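Q: A structural model of the following input is requested.
(one chain, ligands or ions: 2)
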Amino acid sequence: MYNRILLKLSGEVLSGEDKKGFDEKAIDYLSNEIKDIVKHGIKLGMVIGAGNLFRGRELEDVTNTIGDHIGMLGTVINALYLKDYFERKGIKTVVVSQIVDLPSVRRIHYDDIELYFNAGYVVIFAGGTSNPFFTTDTAAALRAVEMKADILIKATKVDGIYDKDPKKFENAKKYDKITYDDAINLGLKIMDTEAFSICKRYKMPIIVLNFFKKNNLLNALLNSNIGTFVKP
Ligand SMILES: Nc1ncnc2c1ncn2[C@@H]1O[C@H](COP(=O)(O)OP(=O)(O)OP(=O)(O)O)[C@@H](O)[C@H]1O
Ligand SMILES: O=c1ccn([C@@H]2O[C@H](COP(=O)(O)O)[C@@H](O)[C@H]2O)c(=O)[nH]1
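A: Ligands and ions are numbered 1, 2, ... in the order given. Sure, this is the predicted structure:
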């Protein structure tokens with residue numbers, strides 16, 4: 001069983017697939033899934049995307065860097081929204097980030113992160129990598145290594161990594177296991193090359209799984225064969 005995990009969630013888990021904003025039902029489902037894993041005493045760090053609000057590249061009339069800043073701020077909005085919802089559900093949560101100075105957001109400090117985990121808090125790392133031109137997948141890889149996670153779990157809308165995008169190609173074939181090198185060399189677009197490279201360099205295993213299947217996350221942590229496992 002994995003005891004220390006970094007969970008990367010697509011922003012769309014807050015809105016429902018291909019939708020924008022926040023959907024109460026989707027967030028309630030998410031909270032219940034998180035509550036189940038917190039109950040097992042797992043130390044949980046989270047990175048959330050902002051596809052439900054803004055992706056820099058989709059803001060066509062905005063300068064690249066500003067678009068990306070808007071995207072990163074979107075991840076802070078999602079993190080605070082989740083913190084508030086989680087706490088109403090009894091999940092103790094702290095949001096940490098380097099990009100904003102708000103009373104509800106704490107600075108990232110390694111010693112404090114360990115204290116939060118030991119006190120049973122979920123830690124949401126908001127604001128991506130703090131730099132434009134990256135994505136929250138890369139942020140998730142960095143935070144997973146920094147927090148010395150046992151595993152990085154990318155919880156998304158598809159069942160794992162396929163040889164091509166399964167949303168576009170009906171005949172796409174799923175990998176149960178794949179190496180970092182194959183994922184990079186085959187150009188599989190489920191995660192950025194930067195994210196795969198960081199995980200490869202620091203030997204951080206990755207599981208990609210479908211978050212919308214109930215108990216998938218918990219089952220993956222309990223070592224069932226769920227999703228796709230990325231390894232050296
Ligand atoms: N080889 C592949 N295997 C699996 N999924 C793939 C592949 N190539 C592209 N995808 C697509 O990647 C998507 C998952 O990526 P992700 O969860 O990061 O979504 P996103 O839209 O980038 O997230 P966000 O909402 O945070 O911006 C899947 O829905 C799938 O359509
Ligand atoms: O390190 C980062 C992370 C994110 N961004 C910007 O935010 C949006 C939302 O992130 P997703 O991973 O796509 O959900 C992204 O499109 C970038 O515009 C960033 O600049 N730097």
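Q: Quick one: name the residues of the protein near ligand 1.
A: Within the chain, the positions lying close to ligand 1 (Cβ under 6 Å from any ligand atom) are 10-12, 49, 51, 55, 136, 156-158, 161-162, 164-167, 188-190. (Each C-beta comes from the backbone N, C-alpha and C, glycine too.)
Q: In the chain, which helix is the longest?
A: helix 64-88 (DSSP state H).
Q: Could you list every helix and strand in contact with it?
A: helix 24-39, strand 43-48, strand 93-96, strand 122-125 (3 or more Cβ pairs under 8 Å, 6 or more residues apart in numbering; DSSP states H and E).
Q: Touching the longest one from outside, list them.
A: Meaning helix 24-39. The contact list for helix 24-39 (Cβ atoms under 8 Å, 6 or more residues apart in numbering) reads 5, 9, 13-16, 44, 81-82, 85-86, 89-91, 120, 122, 211, 214-215, 217-218, 221.
Q: Can I get it in PDB? Just the C-alpha atoms.
A: Extracted in PDB, the C-alpha atoms of helix 24-39 (Å, rounded to 0.1, in the frame of the first residue of the first chain):
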ATOM      1  CA  GLU A  24     -21.800  20.600  -6.900                       C
ATOM      2  CA  LYS A  25     -22.300  16.900  -7.700                       C
ATOM      3  CA  ALA A  26     -18.800  16.500  -9.200                       C
ATOM      4  CA  ILE A  27     -17.200  18.100  -6.200                       C
ATOM      5  CA  ASP A  28     -19.200  16.000  -3.800                       C
ATOM      6  CA  TYR A  29     -18.100  12.900  -5.600                       C
ATOM      7  CA  LEU A  30     -14.500  14.100  -5.400                       C
ATOM      8  CA  SER A  31     -14.800  14.900  -1.700                       C
ATOM      9  CA  ASN A  32     -16.100  11.400  -0.900                       C
ATOM     10  CA  GLU A  33     -13.300   9.800  -2.800                       C
ATOM     11  CA  ILE A  34     -10.700  11.900  -1.000                       C
ATOM     12  CA  LYS A  35     -12.400  11.200   2.400                       C
ATOM     13  CA  ASP A  36     -12.100   7.500   1.800                       C
ATOM     14  CA  ILE A  37      -8.300   7.700   1.300                       C
ATOM     15  CA  VAL A  38      -7.700  10.100   4.100                       C
ATOM     16  CA  LYS A  39      -9.500   7.700   6.400                       C
END
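Q: is ligand 2 contacted by the longest helix of the chain?
A: Yes - applying Cβ under 6 Å from any ligand atom, one finds that helix 64-88 is in contact with ligand 2 at 67, 68, 71, 72, 74.
Q: returning to that earlier point: just the buried residues of the contacts of helix 24-39.
A: 5, 9, 13-16, 44, 81-82, 85-86, 91, 122, 211, 217-218, 221 (16 or more other Cβ atoms under 10 Å).
Q: excluding its backbone neighbours, what's nearest residue 104?
A: residue 80 (5.9 Å; Cβ to Cβ, 6 or more residues apart in numbering).
Q: how close does the residue of the chain most remote from its centre sit to residue 67?
A: Ranked by distance from the centre of the chain (Cα atoms, centre = their mean), the top residue is residue 61, with 27.5 Å. Distance of residue 61 to residue 67, computed by Cβ to Cβ, to the nearest Å: 9 Å.
Q: Also residue 186?
A: 29 Å.
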